[in-house]
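K.L.:
can you look at this prediction? I've put the sequence above it.
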Amino acid sequence: QKVEKKKIEKTKNNSTNPKLKKIVNTPKEELSQKIEEEVGKTSAQHPEFIEMDQNSQKFWPQFDEASLRNFKYKYNITYMGVKAGELTLSLEDRNKKINGESVVKYNARIVSNSFYSYIYEVDDSLISYFSKESFLPIKFQMDQIESNFISKELMLFDHDSKTSYFFYQKTTDKKEVKKKKKTINTPVLFQDPFSVLFFLKGIKWEKIGVKRLSVPIVNGKKILILKSHLDKKEKLSIEGEEIEALRIIAQTKYQGDTLKSGDMTFWFSNDGKKDLLKLKIKVKLGSILLEKVKELPNN
């Protein structure tokens, strides 16, 4: 009885000793461990993605979930010095779940103005559902209504089987209908053509520990790589206010149905919001410039 009493007292003392308490992993540590396990399991099945995943897992947990807050902004779109239209960009967090995963919804709508519509009319919408736990896209959707065609694109991502399902339909102004359907294998870590914008927005650029990020993007029937790096800090004047911004240079490699190869420059606010302030995209003829003009109610 004396021996048992001593054991019980020892157990009580140990449980109250902070030095002997069980160490509980933080969400970031748990994510890192989960990613490492997933990369290890799939490397044998898909060796073509080993290098991509090993590179991505170095910086993936550095995504700042604080950037996943509700917002809605309007941007002016300028092409070759002429205002061509407007972009509305928003994030909605409505406690929605897809396949048991908590997600946020990214929205974008690009509309040409009355002047530019005489040249070429655009009314495009993009949606991406993004996991708040793994920082991976779950579903991508794009609807395009333009002068000479109407199209619908859908991508569904099954992260358990590492598979992407791609569906596409395009109707031309001559009533020609083109349909595409494709299933491809994916790496463990990737973004879609829209969610990659918000992934770059949420990265802790000064703490990632690597000079250049290489983010895989599942783009329809192909996988491309977006390489980006922090170029410098600079001041921008937005809505009459001077804001310090992080200037990020990015370049895509390979062409796809949605995202094309080319150079892009992002300016994100260097604060807790990490807002997209400005975006410049090089195209075959000149460049397209997006500049934030105001915040909108996000009901």
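P.N.:
It's in.

K.L.:
so how far is residue 121 from residue 113?
P.N.:
Distance of residue 113 to residue 121, given as CB to CB, to the nearest Å: 10 Å. Where C-beta positions appear, they are placed from N, C-alpha and C, glycine not excepted.

K.L.:
which residues of the stretch 1-150 of the chain fall in helices?
P.N.:
2-16, 27-42, 50-56, 114-117 (DSSP state H, counting those that start in this stretch).

K.L.:
what's the shortest one packed up against?
P.N.:
Meaning helix 114-117. Where contact means 3 or more CB pairs under 8 Å, 6 or more residues apart in numbering; DSSP states H and E, helix 114-117 is packed against strand 82-98.

K.L.:
avg pLDDT for the strand it packs on?
P.N.:
On average, the pLDDT along strand 82-98 is 94.

K.L.:
least reliable of the helices of the stretch 1-150 of the chain by average pLDDT, please.
P.N.:
Among the helices of the stretch 1-150 of the chain, helix 2-16 has the lowest mean pLDDT, at a mean of 51.

K.L.:
what stretches of the stretch 151-299 of the chain score poorly on pLDDT?
P.N.:
Low-confidence segments of the stretch 151-299 of the chain, defined by pLDDT under 70: 209-210, 253-262, 299.

K.L.:
tell me the bridge partners for residue 287.
P.N.:
Bridge pairing for residue 287 (DSSP bridges) gives the partners residue 282.

K.L.:
quick one: contacts for it?
P.N.:
By CB atoms under 8 Å, 6 or more residues apart in numbering, the contact set of residue 287 is 79-80, 280-281.

K.L.:
any idea which of those residues is the one closest to residue 184?
P.N.:
residue 281 (25.6 Å; CB to CB).

K.L.:
not counting sequence-adjacent ones, nearest residue to residue 95?
P.N.:
Distances taken as CB to CB, 6 or more residues apart in numbering place residue 102 nearest to residue 95, at 7.1 Å, with adjacent residues excluded.
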